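*Asks:* Everything below, folded, please.
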Amino acid sequence: MKVLCLLVGWALLLVLCWPLAFLVLLLFPFVWLLTLPFRLLAVLVEAAFALVRAILLLPARLLGGGSRRAG
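*Replies:* Numbers count the residues shown, from 1 in each chain. Prediction:
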């Protein structure tokens, strides 16, 4: 759905202002490369929080608190 919205938005931009639409196409790879370190940092922070959560919940899981599953 997100890709479809982006495609429709770009097509609308192409109709309204085609030089700007082509500029967007040319600059997109550079913007993606600039945001790549921030995405990697987000993955590392998420993994660190998951590790802290697992360490904090380990005693409860060892005592049988995680044996019941919801659903």
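
*Asks:* tell me, what residue is most central in the protein?
*Replies:* In the chain, the centroid-proximal residue (Cα atoms, centre = their mean) is residue 39; its distance is 7.1 Å.

*Asks:* where's it, which helix or strand?
*Replies:* Assessed by DSSP states H and E, residue 39 sits inside helix 18-62.

*Asks:* What average pLDDT does that helix get?
*Replies:* Here helix 18-62 scores 94 as its mean pLDDT.

*Asks:* And that helix, how far out from the chain middle?
*Replies:* On the basis of Cα atoms, centre = their mean, to the nearest Å, helix 18-62 sits 5 Å off its chain's mean C-alpha point.

*Asks:* just stretch 4-11 next, same as before
*Replies:* 19 Å.

*Asks:* Need the mean per-residue confidence for it.
*Replies:* 92.

*Asks:* can you list contacts of that stretch?
*Replies:* The contact list for stretch 4-11 (Cβ atoms under 8 Å, 6 or more residues apart in numbering) reads 21, 24-25. For every residue, glycine as well, the C-beta is placed using N, CA and C.

*Asks:* For PyMOL, what selects the buried ones among these?
*Replies:* Selection of buried members from the contacts of stretch 4-11 for PyMOL, criterion 16 or more other Cβ atoms under 10 Å:
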select buried, resi 21
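
*Asks:* related to what we said a few turns ago, helices and strands around the helix holding residue 39, which ones?
*Replies:* Helices and strands touching helix 18-62, by 3 or more Cβ pairs under 8 Å, 6 or more residues apart in numbering; DSSP states H and E, are helix 2-16.

*Asks:* what angle do the helix it packs on and helix 18-62 make?
*Replies:* Angle of helix 2-16 versus helix 18-62, following axes from the mean of the first three to the mean of the last three Cα atoms, to 10 degrees, is 170 degrees.

*Asks:* Would you mark the buried spots in helix 2-16?
*Replies:* Buried residues in helix 2-16, defined by neighbour count with 16+ other Cβ under 10 Å: none.
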